[in-house]
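Student: Let's see this in three dimensions:
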Amino acid sequence: LVVVDEAHRMGAPHWSAAAPMFPARYRLAVSATPRRRDGTDQQFRWSFGQVHARADKFHVEPKVLMVAWPVHIPERIYLVPRGRDPDTGRPIYKVNLAELHTVLSHMPKFNEWLASEIRTALDRGRRCLVLSTRLDQLTALEGLLGEDVDTVIYKGGTSRKLMERAQHTQVILGSDGKAK
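Tutor: Residues are numbered from 1 along each chain as shown. The predicted model follows:
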């Protein structure tokens, strides 16, 4: 199963080439806006077919799946003060996502947990695609998974041969820049 969120982007030239790279028996495309202003929405229909379900925006209830993981990151590391609320006087913070990604990617305990989750999925017969903003994290995950797990690190400059091998590998570790 391949799930694509924001599937309306598949009409763009650099995104339309992505769908064939991930062969799957089933494909699920999700988009709140399946029509594109530039008229290229037919491109993603070629990859995913016609719209089969529509949600009434007034009756949609989001569901969030939260996975507990055994790592605590002190908030002072990724929260940046932005001032104080004029009504309450309480501090207002902004999340520094780049710093949070960096901290997570360098935490051995987090990467060990993530590798364990990947192994669980593999034990259940799944293939995995893991995207990260940090290449060193992908390399660490490849090492934690070990030589008995078939992995490919998929990043900018990846050779055509490696891209073809990725279609049949157990785990694709990709930089999110490759997905853009």
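Student: Can you show me the strands along the chain?
Tutor: Per DSSP state E, the chain has strands spanning 2-5, 27-30, 79-84, 91-95, 128-132, 151-154, 171-175. These are given in chain order.
Student: Do you know the pLDDT at the residue of the chain positioned farthest from its centre?
Tutor: Among the residues of the chain, the one whose C-alpha is farthest from the average of all C-alpha positions is Asp87, by Cα atoms, centre = their mean at 38.0 Å. We note a pLDDT of 92 for Asp87 in this prediction.
Student: likewise Arg35?
Tutor: At Arg35, the model reports a pLDDT of 70.
Student: now Thr151
Tutor: Turning to Thr151, the model gives it a pLDDT of 92.
Student: Repeat that for Ser159.
Tutor: According to the model's per-residue confidence, Ser159 sits at a pLDDT of 79.
Student: Over to Thr169?
Tutor: For Thr169, the model assigns a pLDDT of 89.
Student: before we move on, back to that, quick one: the strands of the chain as JSON lines, columns for distance to Gly39 too.
Tutor: Backbone N, C-alpha and C define where each C-beta goes, glycine included. Conversion of the strands of the chain to JSON lines gives the following (distance: least, Cβ to Cβ, whole Å):
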{"stretch": "strand 2-5", "distance to Gly39": "20"}
{"stretch": "strand 27-30", "distance to Gly39": "18"}
{"stretch": "strand 79-84", "distance to Gly39": "41"}
{"stretch": "strand 91-95", "distance to Gly39": "37"}
{"stretch": "strand 128-132", "distance to Gly39": "29"}
{"stretch": "strand 151-154", "distance to Gly39": "31"}
{"stretch": "strand 171-175", "distance to Gly39": "30"}
